[in-house]
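Undergrad: return a 3D structure for these sequence lines:
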Amino acid sequence: MSKCQACKSERIINLYGKCSDLCVVNIGENEHNGYVPDDLGIGGGDDIDFEYCGDCGQLQGDFPLQKTKIEAELEFNDEIDE
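TA: Reported below is the predicted structural model:
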């Protein structure tokens, strides 16, 4: 059994969901509609799949994340507007 990377609890909850390209993600003022982005640490494509701790709420995985494609697109669009 895996343990929480923060508090060492064994109450790890795995969440899995099928979105069929109906995922909405907001980062700052930028909104993404469509497939689950594969660089958010929560799955990718049509699938949301991640684990979190039922005691402390810590999302399990490798963090911090690199800058996401959504954030890079937002910065790119900001540069074009200037």
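
Undergrad: show me where the protein has strands.
TA: 12-18, 23-27, 30-34, 43-44, 47-53 (DSSP state E).

Undergrad: look up how far Phe50 lies from the residue nearest the centre of the chain.
TA: Centroid-nearest residue in the chain, with C-alpha atoms, centre = their mean: Leu40, separated by 3.3 Å. Here Leu40 is placed at a distance of 9 Å from Phe50 (C-beta to C-beta, to the nearest Å). Yep, even glycine has a C-beta here, placed from its N, CA and C like the rest.

Undergrad: nearest to Leu65, of the strands of the chain?
TA: strand 23-27 (10.8 Å; C-beta to C-beta).

Undergrad: what lies in contact with that closest one?
TA: 31-37, 40, 48, 68, 70-71, 74 (C-beta atoms under 8 Å, 6 or more residues apart in numbering).

Undergrad: residue contacts, Asn33?
TA: Here Asn33 is in contact with 23-24 (C-beta under 8 Å, 6+ apart).

Undergrad: how much space between it and Val24?
TA: 5 Å.

Undergrad: any weak-confidence spans in the chain?
TA: Filtered on pLDDT under 70, the chain yields the residue ranges 76-82.

Undergrad: one more pass at 90, please.
TA: 1, 20-21, 28-31, 70-82 (pLDDT under 90).

Undergrad: burial count for Leu15?
TA: Burial of Leu15 is recorded as 11 neighbouring residues (other C-beta atoms under 10 Å).

Undergrad: mind listing what it touches?
TA: 48-52.

Undergrad: please apply the same query to Ser2.
TA: Here Ser2 is in contact with 10, 12, 51, 60 (C-beta under 8 Å, 6+ apart).
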